[in-house]
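Asks: Turn this into a model:
(2 chains)
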Amino acid sequence: MAKILIIDDDADIVEAMRLVLEKRGHKVDMAVDGNEGLAKARAGKPDAIILDVMMPGLDGFEVARELKGDSRTRDIAILMLTAIKDKMGFDFQKETTDPNWLPVDDYCNKPLDYELLLEKIDHILRHKKR
Amino acid sequence: MKAKSENSSTGTQLIDRVYWLTRLRWVAILGVVATILTVPRFFGIPLAISPLFRVAALLAIYNGLFAWLIPFLQSRQMYRAIKALANLQIFLDLTCLALLVHFSGGVENPFYFYFIFHIIIAGILLSRRETFILASYAVLIFLGIIVGEQQGLLRHYGVLGTSAAFLHESSMYVLGVSFVFSSTLYIAAYLTTSISNRLQERERSLTRANEMLAEKDRIKSEYVLRVTHDLKEDLAAIHTCIEPVQKGFTGSLNEEQTNLLSRAKVRSKQLIVYVDALLEITKLKLTEKVEMHSFSVADLIREISDSIEPLAHHEHKGFEVLMDLKVTTMKGVRVYIQEALLNILKNSIKYTPEGGRITLEVQNDASLLQIKVTDTGIGIPAEDLPKIFTEFYRAKNAKALYKKGTGLGLSIAKKIVEMHQGKIGIESRPGEGTCVRLEIPLAL
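Replies: Here you go, the predicted structure:
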């Protein structure tokens, strides 16, 4: 059981993820944009954040860099949600191996595969505790 | 913007024609030299050989000079200078022709008809005003020569001997030739520029129509892109909401509930795949310029092989990669090339029965990457083959086998290959298999 913050501007996707994660026994908080997400991450100190890339205003990349660059929030595990190939035409798998380029712990492609999402959440939470 | 593109298109047209004129002049010079050499010998006509050769040499010198100068001006896009040069060339041509006629009999020499060619060329290349100015210049120098010779102000180089010894002195004849010559040149100038103007007008309107169509196509593609993007957002949300329920993450379901939700999920997934492909091809259509980077072909092929191998294995189909690379890298957009190959290979797997084989052959030389994807699948009927790269088109037997399919996989592959200045081709025998060939320049 962990505290998980979902930052995504699509309320329906957030709701679906919330139900699944709560069934798993996690405590879930939600934010609908980058700024709200940053504020909630700083105030609530979640164990992990599920972060969407494409959001109006502050996007997922900026939020991730902000969090990992701040000593108070550096330890929060981040799982990024991407449909990125659509927009930019690059291969996400390759780029994530470079922590300087994108400081996240793992990523998941949209539309979501929940088994994979839960597996990855468990993995980054375990990894964090060690 | 529009005016500029129009200018540069008439600019390239002018350049093409100026090159053509230069080539034509080499032929004319050869003709002049051949005439000077053969006429005295075979027709017994006495020619003033040395002044004629000097004129031919003058022609050759300035033609050589122009042949060197035009590419220079072209590389600096100095279209005005090239236009001025075209004027100058025709002016010099007229002068040389006048000199040739003067040194070979003046009014006795029927070659003065050749002045008409120059006026026709001017009418094609230049404006109506310039053509009339050149026609006037031609009239002036030719009339200057024949009147000058008639008046005894210029030396007459007789070529017809006694039979026409006094022709150039006959004022009636010289007057007649002058009138017919001038009127012929002006009429030729008028007719040629009329036709040429009308053709240019038509060409301009065609260019405008083409630009308008391209613009309309672009607007349509942007519209499709926006709509598909919005559709995809909603579809992804629908899919994301159905899946946890169907998989029982939110509590267990009875058999009927699972059944119906599974169907809904499959259909939403199909739509997502379709919308993804539509997004992809629309984006490719709207892409005008891409940044090409060097990457390792060998790594890419291995990566592709790693993702295709399990798919083929899972469906009990053989998959083999034959790689023979002389050069390991190429320049291009890696994800696009990967996508093109994955589309072709996935097609092969989809339409090859269990127990069949798919072979990916990759080879290159110093300049070209050649890829061949061969399968032992259902093949494509001959009548479907010419349309197989057309967007949304699916072969009859493919539709019979799988009702659903985007009909975009090969179109996307083709767009990507063309973006890399490559070629794609397909051969197939129904019931035996299909072979897709790609040739992409390494662009290193």
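Asks: Residue B:218 is in contact with residue B:286, isn't it?
Replies: Yes - counting by Cβ atoms under 8 Å, residue B:218 touches residue B:286, with 6.8 Å between them. To be clear about C-beta, it is placed using only N, CA and C from the backbone, and glycine gets the same treatment.
Asks: where in chain A is pLDDT low?
Replies: A:84-102, A:129-130 (pLDDT under 70).
Asks: one more time with 50
Replies: A:86-97, A:130 (pLDDT under 50).
Asks: Give me the residue at the spatial middle of it.
Replies: residue A:50 (2.3 Å; Cα atoms, centre = their mean).
Asks: okay but that one is in contact with residue A:2, surely?
Replies: No - when contacts are counted by Cβ under 8 Å, residue A:50 is not listed as touching residue A:2 (11.5 Å).
Asks: Okay, helices next: where are they in chain A?
Replies: Shown for chain A, the helices assigned by DSSP state H span residues A:11-23, A:34-44, A:60-68, A:84-88, A:92-95, A:114-129.
Asks: could the ones you listed be laid out in JSON lines, adding mean neighbour count and distance to residue B:147?
Replies: Shown next, in JSON lines, are the helices of chain A (neighbours: other Cβ atoms under 10 Å in any protein chain shown; distance: least, Cβ to Cβ, whole Å):
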{"stretch": "helix A:11-23", "mean neighbour count": "19", "distance to residue B:147": "95"}
{"stretch": "helix A:34-44", "mean neighbour count": "17", "distance to residue B:147": "91"}
{"stretch": "helix A:60-68", "mean neighbour count": "19", "distance to residue B:147": "86"}
{"stretch": "helix A:84-88", "mean neighbour count": "15", "distance to residue B:147": "78"}
{"stretch": "helix A:92-95", "mean neighbour count": "13", "distance to residue B:147": "84"}
{"stretch": "helix A:114-129", "mean neighbour count": "15", "distance to residue B:147": "98"}
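Asks: which stretch among those helices comes nearest chain B?
Replies: helix A:11-23 (4.4 Å; Cβ to the nearest Cβ).
Asks: Show me which residues of the stretch 201-350 of chain B are close to chain A?
Replies: Residues of the stretch 201-350 of chain B lying close to chain A by Cβ under 8 Å from any Cβ of the partner chain are B:229, B:232-233, B:235-237, B:239-241, B:243-244, B:247, B:249-251, B:269, B:272, B:276, B:279, B:283, B:333-336, B:338.
Asks: filter these to the buried ones?
Replies: Using 16 or more other Cβ atoms under 10 Å in any protein chain shown as the burial test, these include B:229, B:232-233, B:235-237, B:239-241, B:243-244, B:247, B:249, B:272, B:276, B:279, B:283, B:333-336, B:338 as buried.
Asks: Looking at those, which are in helices?
Replies: Using DSSP H, the subset of these located in helices is B:229, B:232-233, B:235-237, B:239-241, B:243-244, B:272, B:276, B:279, B:283, B:334-336, B:338.
Asks: What is the helix or strand containing residue B:322 packed up against?
Replies: Assessed by DSSP states H and E, residue B:322 sits inside strand B:318-325. Judged by 3 or more Cβ pairs under 8 Å, 6 or more residues apart in numbering or on different chains; DSSP states H and E, strand B:318-325 is in contact with helix B:297-314, strand B:357-364.
Asks: Give the buried residues for that strand.
Replies: B:319, B:325.
Asks: Quick one: work out the angle between that strand and strand B:357-364.
Replies: 10 degrees (axes from the mean of the first three to the mean of the last three Cα atoms, to 10 degrees).
Asks: ok, strand B:318-325: who's next to it in the sheet?
Replies: strand B:357-364 (parallel) (DSSP bridges).
Asks: pull the CA atoms of the strand it pairs with into PDB?
Replies: Extracted C-alpha coordinates of strand B:357-364, given in PDB (Å, rounded to 0.1, in the frame of the first residue of the first chain):
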ATOM      1  CA  ARG B 357       8.000 -18.600 -44.100                       C
ATOM      2  CA  ILE B 358       8.900 -14.900 -44.000                       C
ATOM      3  CA  THR B 359      12.300 -13.800 -45.200                       C
ATOM      4  CA  LEU B 360      13.900 -10.400 -44.700                       C
ATOM      5  CA  GLU B 361      16.900  -9.900 -46.900                       C
ATOM      6  CA  VAL B 362      19.100  -6.800 -46.400                       C
ATOM      7  CA  GLN B 363      22.100  -5.800 -48.400                       C
ATOM      8  CA  ASN B 364      23.800  -2.600 -49.600                       C
END
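Asks: and for that strand, what are the contacting residues?
Replies: B:297, B:301, B:304-305, B:308, B:312, B:317-327, B:330, B:341, B:345, B:348-349, B:352, B:369-376, B:442 (Cβ atoms under 8 Å, 6 or more residues apart in numbering or on different chains).
Asks: same thing with stretch B:81-93?
Replies: With contact meaning Cβ under 8 Å, 6+ apart, stretch B:81-93 is reached by B:11, B:14-15, B:17-18, B:21, B:25, B:59, B:62, B:66, B:69-70, B:73-74, B:118, B:121-122, B:125-126, B:130, B:134, B:137.
Asks: Any quick PyMOL command for the buried ones out of those?
Replies: Paste this into PyMOL to select the buried members of the contacts of stretch B:81-93, with burial taken from 16+ other Cβ under 10 Å:
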select buried, chain B and resi 11+14+15+17+18+21+25+59+62+66+70+73+74+118+121+122+125+126+130+134+137
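Asks: tell me the domain boundaries of chain B?
Replies: Domain ranges of chain B: B:2-213, B:220-286, B:293-441, per automatic domain parsing.
Asks: Between the two ends of the last one, how far is it?
Replies: Taking Cα to Cα, to the nearest Å, the span from the opening residue of domain B:293-441 to its closing residue is 13 Å.
Asks: Please apply the same query to the second one.
Replies: Start to finish, the residues bounding domain B:220-286 are 10 Å apart (Cα to Cα).
Asks: In chain B, where is pLDDT below threshold?
Replies: Within chain B, the stretches with pLDDT under 50 are B:1-7.
Asks: Find the one among the helices and strands packed on strand B:318-325 with the highest mean neighbour count.
Replies: strand B:357-364 (a mean of 19; mean count of other Cβ atoms under 10 Å in any protein chain shown).
Asks: distance between that strand and the chain's centre?
Replies: 31 Å (Cα atoms, centre = their mean, to the nearest Å).
Asks: That one vs helix B:297-314, what angle?
Replies: Going by the same axes, to 10 degrees, strand B:357-364 makes 180 degrees with helix B:297-314.
Asks: In a markdown table: the helices and strands packed on strand B:318-325, plus distance to residue A:118.
Replies: Below are the helices and strands packed on strand B:318-325 laid out as a markdown table (distance: least, Cβ to Cβ, whole Å):
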| stretch | distance to residue A:118 |
| --- | --- |
| helix B:297-314 | 23 |
| strand B:357-364 | 34 |
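Asks: all helices in chain B, in order from the N-terminus.
Replies: B:2-43, B:49-75, B:79-103, B:115-125, B:128-151, B:171-246, B:255-286, B:297-314, B:334-350, B:396-401, B:409-419.
Asks: And those helices: which comes nearest residue B:157?
Replies: Checking the helices of chain B against residue B:157 by Cβ to Cβ gives helix B:79-103 as the closest, at 5.4 Å.
Asks: The closest one: which residues count as buried?
Replies: By 16+ other Cβ under 10 Å, the buried positions in helix B:79-103 come out as B:79, B:82-83, B:85-87, B:89-94, B:96-103.
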